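Colleague: 3D model of this:
(one chain, ligands or ions: 1)
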Amino acid sequence: MIENIFSWSKSTDEKFRDCARKYYYDKYLSWGGWESGASARTRSAYVLKNLKNRWAWRGERVHHVIEHVLKSLRQGRAVPLEEALSHLTRIMREDYLASKAKKYLENPKRNLGLFEHEYEKNIEDPVWKRVHEGAVECVQNFYRSDFFKELSEEDKAHWLLIEDLEAFTFDGAKIYVKLDFARRKNDAIEIIDWKTGKNENAAPSVQIGAYAIYAMQKWQVPLEGVRAYLFNLASPFPVPTLQILTPALIEATQNTMAESIGRMRSLLADPAKNIPKSADHFPFTEKPELCAQCNFYKICEKYCKS
Ligand code: SF4
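Modeller: Alright, predicted model coming up:
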């Protein structure tokens with residue numbers, strides 16, 4: 001039996017900050033929704049939790065293809081651009097058709113469910129086409145970059161992580177981080193975060209701070225021994241953009257995590273067993289504009305009494 005342990009990640013924190021009720025549906029109501037004996041409401045929450053909107057889908061598929069390309073390189077095989085693009089197109093087509101046929105209702109882990117299909121948004125074909133084209137451009141941009149050339153030519157023995165889900169402990173909680181790419185270079189640990197959106201060049205964030213904390217613990221290096229970069233794949237000529245890591249950023253990240261974990265724990269009836277208080281302790285968002293984009297809209301008690 002899998003245990004629902006308390007954990008924290010940047011994406012969990014974002015859900016919690018958006019709407020505590022959304023966090024409750026995602027972390028607690030959906031738990032066990034994969035089991036055949038799950039209640040209809042738990043099953044619904046589990047299905048909805050796994051939906052992705054078209055932008056998240058695009059990003060996830062670009063990450064997947066780059067992961068495939070880099071893991072192949074590490075094994076000594078260079079994947080030609082045409083092969084990477086046909087792989088991308090094939091999986092996106094399969095995803096799209098499976099989602100349209102609502103196969104995710106039977107198995108949401110195996111089959112992608114698109115938010116737009118579940119909520120019957122009237123998205124025209126050219127919009128879907130543009131989503132695919134955007135993903136293609138990201139992969140093309142990656143191949144065109146000097147950084148990809150550098151990765152192709154360097155010694156892969158120094159590569160540390162490619163899209164690995166890792167964890168560390170902070171304040172007694174398991175903190176999950178998924179590093180897109182990490183390597184050892186010039187006596188430092190380099191972490192690269194692929195970005196696929198046009199506006200993703202934000203200032204160094206809690207996410208980068210969490211990566212740095214993880215790297216310091218994992219590889220036993222001081223902060224000066226960690227370098228973090230954003231790599232905006234939507235740019236036609238992407239380059240790694242150095243993120244300034246300072247003790248102040250690490251402290252701010254730790255404060256953010258501690259504050260967020262404390263607020264989440266305050267909503268637990270039994271913190272040791274990660275058992276939540278009743279749903280009404282998890283307030284609805286005060287920004288109703290978020291609801292139209294929320295995976296859980298159709299089961300949310302703010303809109304339907306069930
Ligand atoms: S529909 Fe709105 S209030 Fe309900 S869970 Fe989603 S964001 Fe929160």
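
Colleague: which bits of the stretch 201-306 of the chain sit near the ligand?
Modeller: Contact residues (C-beta under 6 Å from any ligand atom) of the stretch 201-306 of the chain with the ligand: 284-285, 290-291, 294, 296-297, 300, 302. From N, CA and C alone the C-beta is placed, and that goes for glycine too.

Colleague: what ranges do the strands span in the stretch 51-200 of the chain?
Modeller: For the stretch 51-200 of the chain, the strands defined by DSSP state E, counting those that start in this stretch occupy 159-170, 173-185, 188-195.

Colleague: counting neighbours, which bits of the first one end up buried?
Modeller: Spelled out, it's strand 159-170. Residues 159-163, 166, 168, 170 are the ones in strand 159-170 that count as buried (16 or more other C-beta atoms under 10 Å).

Colleague: quick one: which of the residues you listed is nearest to the ligand?
Modeller: Closest approach between the buried residues of strand 159-170 and the ligand, by C-beta to the nearest ligand atom: Phe170, at 26.6 Å.

Colleague: chain neighbours aside, what residue packs nearest to that closest one?
Modeller: Nearest residue to Phe170, sequence neighbours excluded (C-beta to C-beta, 6 or more residues apart in numbering): Met257, at 5.7 Å.

Colleague: before we move on, which element is that neighbour in?
Modeller: Secondary structure assignment for Met257, by DSSP states H and E: helix 247-265.

Colleague: returning to that earlier point: could you turn the buried ones of the residues of the stretch 201-306 of the chain next to the ligand into a ChimeraX selection?
Modeller: In ChimeraX syntax, the buried subset of those is picked out as below (16+ other C-beta under 10 Å):
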select :284,285,291,294,296,297,300
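
Colleague: give me the element Thr241 is part of.
Modeller: strand 240-243.

Colleague: just checking, what packs against the helix holding Met257?
Modeller: Contacts defined by 3 or more C-beta pairs under 8 Å, 6 or more residues apart in numbering; DSSP states H and E place helix 247-265 against strand 7-8, helix 10-18, strand 159-170, helix 206-219.

Colleague: adding mean pLDDT, write these out as a markdown table.
Modeller: Putting the helices and strands packed on helix 247-265 into a markdown table (pLDDT from 0 to 100) gives the following:
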| stretch | mean pLDDT |
| --- | --- |
| strand 7-8 | 97 |
| helix 10-18 | 95 |
| strand 159-170 | 96 |
| helix 206-219 | 96 |
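
Colleague: I'd assumed Asp180 was in contact with Leu165.
Modeller: No. The pair Leu165 and Asp180 fails to qualify as a contact (C-beta atoms under 8 Å) at a distance of 11.3 Å.
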